[in-house]
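Colleague: 3D, please:
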Amino acid sequence: MIKTFAAMLLATASGTALAEEGMWLPSQTGAIAEQLRAAGLQLDPVALGNLKQPPLTAIASLGGCSAAFLSPQGLIATNHHCVYGSIQYNSKPGQDYITNGFLAAALADELPAAPGSRIYVIEDLRNVTPAMLKGAAKLSGRARYDRLEANRKALIAACEKLPSRRCDVRPYFGGETYYLQQQLEIKDVRLVYAPAAGIGNFGGETDNWMWPRHTGDFGFYRAYVAPDRSSAAFAKENVPFKPKAWLKIADKGVEEGDFVMVAGFPGITFRHKTAAEAKFAFETLTPLQQRLLNEYSDRIVSAVAGNEAASITYASILKGADNYKKKYIGELAGGEALGLVEKKEAEEAAYRAWVAADPKRQAQFGAAIAELDRLIEAQNAYELAEARRGLLNRAQLFSAARLAYRWAQERGKPDAQREPGYQDRDRAFLEQRLTAIERRYDPAIDRLLLEHSLAEYRKLPTAERVASFDAALPASLDSLYAGTRLGDTKGRLALLDQPVSAFQASADPFVKLAVASYDEDMRRESEAKARAGDIQRARSAYMAGRLAYGQSQGKPLYPDANGSLRFTYGKVTGKAKDGQVWTPFTTAEGLAAKQTGKGEFDAPDKAIQLIQAKDYGRYASPSLGTLPIDFLSTVDITNGNSGSSTLNAHGEFVGLAFDGTLEGVVSDWMFNPEVNRTIHVDSRFMLWTMDKVDGAQRLLDEMGVGR
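Modeller: Sure, this is the predicted structure:
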């Protein structure tokens, strides 16, 4: 199977690949070398994909966002919205870093990032398919799931025998292939610099997913290690990490038509999902999710109105909700405009006809196709109910009690048999999740959110609700909050050392709810795992057929995004819409024209004064005659790529990818080169802001771009 996969992948990748489409594995850069050179790459394509040398050795993950080293002292550049949680966590009334920004004057002034923050430095991405599938060939259902999970844990445990490593095994092409990703885990992450909200979040939700855009969506972390250079938790004596490589800031910014590339960790795409899954998502699940997020956001906005402390407390939660609710709007509209379901159905029909046309292919793939259809129908029903059951976790203390009780249950098992996320390797993350609640929780607001969540949850048929939860829920929600001690961080953390018996004897109302819900939660989880084992078996065979079909058509097949390192490329360009022309750059004058001095359009006075005086210094673009703010490109990205460094043809830093356009977010399901555009903050605007507006000369000198 491995040789077949490799041959198919190489053949399809070296065929007629679209220039802009594809979230390619580093190992595929050689296979698409011809396209890369034709697009304008000035580096050796094979060397570009080498994880042992720049630029990929400079690329890092934040465990949800991407980033890159820009100095030999562990300085990390990423998006403002990727450091936003740390800005919020360190803010309070009278110390509002969200509004005013933050700049550490010296290393000693850099602040600990929000609990749970990590920097992961990529070291290896290797094929482990034979080891993952060992012993699974004849298994199905829960037995297959358990075998795959045991194999995965063994591979991770072997990898993590190296100190300070975080490893994971992820499926590609529906589990037809598996790769192990090995990363160095840096635990001491500190906030270094973030511009004011009037730069980093200029335009707010009004401009989110929109063009033209004038947002300086950038911020800086620094990685710290122990004095002996080992990875360690925060300590005053820790020193800056020295990366193997860092990106050079380009002396010259990009121009229209230039080649650009992005390396990062895209979260998840669905381009290889079946037509039935696409139809369910666009007609049923996503409309529900979009409505639920709208209502959630609206309730938070109403609850924090006029309360500065509460506004700061819920700022990070609200920003995340608003981002996704708008994305769902664009995804639904984009799917309709593209005729996505119909196109997926046509593609699916063509593939199935190809299989049916040959008895050998029908024997090889036909049964898997039929089985996958059956399983998807059951999975869709489960996901729809889970969308409402999951709302109960919006009650943060209930979610914390559930997490802690599951930890207590798992601690009674040998570590290798525990559920992923509850092994010894995960304890620090659990502690930090429970700690972070202290600055993101208000009991009155939490109660309000739970009340509305319960109203939606109760729309489920009785059989799909959690009967034990319903029976244990007190008549008055007030009693939940009046009787709990979990609002105190020490009380929450203490749960992690309690045995199961202590939970079962607890009088805390949230703990009692967690205990009451546990057995039903486990029953549903077990059913889902059995279904997942069967889905992996069917989908891996289904995707083997799709690989063969792609090869026969001369079309590229790269894996769906799954949080592992990927590479994508394109060019700087705008686009024409009906009645509109999108130029590839926005400028300082456009920012000043949007400035109102209020709300989302309130750039710092100093920035506006400098723009009015046209004081752009060396950061102005000769071709534009002014300071560029953001630019558009055709690179192919999704969530998780936020914070990815944008590189020019020589592998030099020219900006940061931070967003797509609303009509293009449907690319998670289907890429359309006429529609898809990525928005980047231009490095020249970043440097200008650091130099002229915020006086971050220390950091400019460190990055080698001082005066």
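Colleague: make it CA atoms for all contacts and neighbour counts henceforth
Modeller: Noted.
Colleague: residues near residue 688, how many?
Modeller: Other residues within reach of residue 688, judged by other CA atoms under 10 Å, total 23.
Colleague: these two touch, right, it and residue 611?
Modeller: No: with contact taken as CA atoms under 8 Å, residue 688 and residue 611 are classed as non-touching, separated by 10.8 Å.
Colleague: Now the longest helix that the chain contains: average pLDDT?
Modeller: Longest helix in the chain, counting residues (DSSP state H): helix 509-553. In this model, helix 509-553 has a mean pLDDT of 96.
Colleague: Going forward, the N-terminal residue is numbered 41.
Modeller: Sure thing, new numbering starts at 41, so read that last one as helix 549-593.
Colleague: And the contacts of the helix or strand just after that helix?
Modeller: The element immediately downstream of helix 549-593 (helix or strand, assigned by DSSP states H and E) is strand 606-611. For strand 606-611, the external contacting residues (CA atoms under 8 Å, 6 or more residues apart in numbering) are 59-66, 79, 296-306, 673-677.
Colleague: Over to stretch 561-579?
Modeller: Contact partners of stretch 561-579, identified using CA under 8 Å, 6+ apart, comprise 180-185, 214-216, 408-409, 411-412, 415-416, 419, 506.
Colleague: Now that stretch: buried residues?
Modeller: Across stretch 561-579, burial judged by 16 or more other CA atoms under 10 Å covers 568-579.
Colleague: gap between that stretch and the chain center?
Modeller: 24 Å (CA atoms, centre = their mean, to the nearest Å).
Colleague: any weak-confidence spans in this structure?
Modeller: 41-59, 596, 747 (pLDDT under 70).
Colleague: Show me which residues of stretch 385-398 are buried.
Modeller: Along stretch 385-398, these residues count as buried under the neighbour rule (16+ other CA under 10 Å): 385, 388, 391-392, 395.
Colleague: contacts for it?
Modeller: Contacts for stretch 385-398 (CA under 8 Å, 6+ apart): 314-316, 401-402, 405-406, 585-586, 589.
Colleague: From the residues you listed, list just the buried residues.
Modeller: With neighbours counted using 16+ other CA under 10 Å, the contacts of stretch 385-398 contain these buried positions: 314-316, 402, 405-406, 585-586, 589.
Colleague: before we move on, back to that, same list, the buried residues of stretch 561-579, but as a markdown table with distance to residue 118 please.
Modeller: Below are the buried residues of stretch 561-579 laid out as a markdown table (distance: CA to CA, whole Å):
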| residue | distance to residue 118 |
| --- | --- |
| 568 | 36 |
| 569 | 36 |
| 570 | 39 |
| 571 | 38 |
| 572 | 35 |
| 573 | 37 |
| 574 | 39 |
| 575 | 36 |
| 576 | 35 |
| 577 | 38 |
| 578 | 39 |
| 579 | 35 |
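Colleague: which one of these sits closest to residue 603?
Modeller: Proximity of the buried residues of stretch 561-579 to residue 603 (CA to CA) peaks at residue 576, which lies at 18.3 Å.
Colleague: Break down the stretch 591-740 of the chain into its helices, ranges please.
Modeller: Secondary structure of the stretch 591-740 of the chain by DSSP state H, counting those that start in this stretch: the helices cover 628-634, 645-652, 723-728, 737-742.
Colleague: Show me which positions of stretch 710-723 end up buried.
Modeller: Neighbour-count burial for stretch 710-723, with 16+ other CA under 10 Å as criterion, is recorded at 710-711, 713, 715-723.
Colleague: same question, stretch 94-111
Modeller: Judged by neighbour count (16+ other CA under 10 Å), stretch 94-111 contains these buried residues: 94-111.
Colleague: Which of the residues you listed fall in helices?
Modeller: Among the buried residues of stretch 94-111, no residue falls in helices (DSSP H).
Colleague: What about those residues, which are in strands?
Modeller: Of those, the ones assigned to strands by DSSP state E are 99-101, 106-109.
Colleague: if we can go back for a sec, out of the buried residues of stretch 385-398, list just those in helices.
Modeller: When those are checked against helices using DSSP H, the ones located there are 385, 388, 391-392, 395.
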